[in-house]
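Peer 1: no FASTA, just this:
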């Protein structure tokens with residue numbers, strides 16, 4: 001976590017991770033009732049990872065199209 005916070009700016013951290021973190025917390029609160037802190041924590045982190053992976057993949061897929069438009 002320390003490395004994540006130190007490696008990118010606060011603005012970028014909030015923009016890129018804030019959405020994934022927020023939805024992960026919401027999903028964990030609504031659906032994860034394992035009666036074990038450890039299991040719920042691991043499930044929350046896995047959810048955050050998967051949501052962030054999806055967001056980053058979508059951003060990469062959309063980014064080249066936006067960059068090509070600015071070249072003209």
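Peer 2: Ah, there it is. Since this is a predicted model, take the numbers as computed values, not measurements.
Peer 1: Please go through this structure and pick out the longest helix.
Peer 2: Longest among the helix segments of the chain by residue count, using DSSP state H, is helix 37-71.
Peer 1: what's that helix packed up against?
Peer 2: With contacts taken as 3 or more Cβ pairs under 8 Å, 6 or more residues apart in numbering; DSSP states H and E, helix 37-71 sits against helix 10-31. C-beta coordinates here come from the backbone N, C-alpha and C atoms, glycine included.
Peer 1: so how far is the helix it packs on from its chain's centroid?
Peer 2: Relative to its parent chain, helix 10-31 has a centroid offset of 6 Å by Cα atoms, centre = their mean, to the nearest Å.
Peer 1: Mean pLDDT per helix and strand in this protein: which one sits at the bottom?
Peer 2: One helix or strand of the chain scores below all others by mean pLDDT, DSSP states H and E: helix 2-7, with a mean of 82.
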